[in-house]
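Engineer: Sequence first, predicted coordinates after that:
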Amino acid sequence: MKIKNVAMIGMGAIGTVYGSFLYKRYGSDFAVIAGEKRNIELKSKGITLNNNTLYPLVLSPDKKDIKYDLIIFCVKNYQLDKAIDDVRNFVGENTIILTILNGITARDRILSAYPDNKVLYGLSTHMNAVRTHKGVFSTEYGEIQFGNGDNTVIAPEVQAVQELLNEARIKNKVFPDMIRAMWKKFMLNVGVNQVTAITKASYEKVASVKTNLILYKEAMMEVLKVAQASGVDLREKDVEELMASITSRLSAKEKTSMLQDVEAKRKTEVDYFSGLVVEMGKKLSIPTPVNHVLYCLIKSIEELY
Ligand SMILES: NC(=O)C1=CN([C@@H]2O[C@H](COP(=O)(O)OP(=O)(O)OC[C@H]3O[C@@H](n4cnc5c(N)ncnc54)[C@H](OP(=O)(O)O)[C@@H]3O)[C@@H](O)[C@H]2O)C=CC1
Ligand SMILES: CC(C)(CO)C(=O)C(=O)O
C-alpha cells in the first residue's frame, strides 16, 4: 500500500507546520480542504511558517472529482463536526484518515462518520507552534505519534502513513498501545493546558510556582483514576514522569495552546478536557473536584472575553 496523495483540513498552528512539510515533499499531490472565507484567504495568502509563505492547492468541500489516499485532521475539537462533513467528497473507499487533535474522542467521532474507512489515532507532541497575524512561528516541530489502538503487529495502513511521514521528514512514532499514548497526552493537556490557561504561566512559571504544580498534579491524578476505571493502562509513574519532564518539554518562555487561545480570546477546548473528565467521572462514580473547578473557571474566562 502506497499513499500517492494527501489532503489536510485545518491550517492553523499545527496544520501550517505539518502542511508545509507535506507541500514541500508532495507539491500538487498535497491539498488543503477549506470552504468559503477560509478558501479565499488560503488561496490569496497561502500558509506562512517562520516567514516562509507557501501556496498549496486549496480545494473547496463541494469539489467532487478527486479522492485522497490520506486525509489529516488538524482542526480544534469544537470544529471537528463541520470538518468531518467538509471532507466527505474527498473520502473514497480506500482513504485512510488520521487525526492529530488533542483529547481522546476525535478518532471515534471521525470513525462513526466514516465507519468503512481506516481511521487512525494520532497526536502531536513537543510542538511549539504559535499562531500570529503574520503566520505561524515554530522552532520545534515535534513528533506525530499515531496508529491503530493495538500496533503490536503493524497494519498496512499504519506502515503506509509512516512511509509518507518519513518521506516528508515529519518525525513520527508508532506505539504498540496507542490508547495508552493518547490518554497519557490527554492527562498532560488536562493538567498543564488548563492550569496555564488560568494562571497565564509560561513553561518556566509552571515549573517554578509550587501551587501551579499542585493543581497540575491533582488534575492529572483525576484523569489517572478515570483512565484506570475505564481499563486504560495509565500508571501513577506516568504522572510522576510528566511532572518531572514539564520543565524540559519545551523551552521556558513558551505557552500551551490553551493559554494561546485564551490570550487571543478564542474559544478553548475545555469541553474536551475537564468537561470530559467530569462527565466520565460522574458515570464511573469517581470524584473530579479539581477538574470541575478548572472547567468552571475556564468557561468563565471565555464568557468574560
Ligand atoms: N498549537 C499547538 O502547539 C498544539 C495543538 N494541538 C492540538 O491540535 C489541534 C489543532 O490545534 P491548533 O493547530 O493549535 O488550532 P488552530 O486554531 O491554530 O487551527 C485550527 C485551524 O483549523 C481551521 N478550521 C476549522 N474548521 C475548519 C473547516 N471546517 N475547514 C477548514 N479549516 C478549518 C481554523 O480556521 P479558523 O481560524 O478560520 O477557525 C484554523 O485555521 C487541537 O486539538 C490542539 O489541541 C496539539 C499539540 C500542540
Ligand atoms: C504538549 C503541549 C502542551 C505542547 O505541545 C500541547 O499539546 C499543547 O500546547 O496543546
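Structural biologist: Yep, it's here. All of these numbers come straight from a predicted model, not from anything done at the bench. Ligands and ions are numbered 1, 2, ... in the order given.
Engineer: From now on I want contacts and neighbour counts done on CA atoms only, so please keep to that.
Structural biologist: Will do.
Engineer: show me what contacts L98?
Structural biologist: If a contact means CA atoms under 8 Å, 6 or more residues apart in numbering, then L98 has 70-73, 107, 119-122, 146 as its contacts.
Engineer: from the residues you listed, which single one is nearest ligand 2?
Structural biologist: Within those, the smallest distance to ligand 2 is 12.0 Å, found for G122 (CA to the nearest ligand atom).
Engineer: did I read that right, the closest one in a strand?
Structural biologist: Yes. G122 sits within a strand when classified using DSSP: H, G, I helix; E, B strand; the rest coil.
Engineer: Can you check the pLDDT for it?
Structural biologist: On the pLDDT scale, G122 is placed at 98.
Engineer: which one is it nearest to, not counting chain neighbours?
Structural biologist: Nearest-residue entry for G122: F146, 4.0 Å, with adjacent residues in sequence omitted and distances by CA to CA, 6 or more residues apart in numbering.
Engineer: Contacts made by the host helix or strand of L164 with the rest, please.
Structural biologist: With the criterion set as DSSP states H and E, the secondary-structure element containing L164 is helix 156-167. In this structure, residues lying in contact with helix 156-167 by CA under 8 Å, 6+ apart are 1-3, 25, 70, 96, 118, 120, 146-148, 171-172.
Engineer: Partner strands of the helix or strand just after it and their direction?
Structural biologist: Using DSSP H and E, the helix or strand that follows helix 156-167 in sequence is strand 172-173. Here strand 172-173 is paired, per DSSP bridges, with strand 141-147 (parallel).
Engineer: in the strand it pairs with, what's buried?
Structural biologist: The neighbour-count check on strand 141-147 (16 or more other CA atoms under 10 Å) flags 141-142, 144-147 as buried.
Engineer: Contact residues of the protein facing ligand 2?
Structural biologist: Within the chain, the residues that sit near ligand 2 (CA under 6 Å from any ligand atom) are 125-128, 189, 256-257.
Engineer: 5 Å instead?
Structural biologist: 125-127, 256-257 (CA under 5 Å from any ligand atom).
Engineer: hmm, which of those are the buried ones?
Structural biologist: The neighbour-count test (16+ other CA under 10 Å) applied to those identifies 125, 127, 256-257 as buried.
Engineer: Now, the residues you listed that are in strands?
Structural biologist: Taking DSSP state E, the ones among these that sit in strands are 125, 127.
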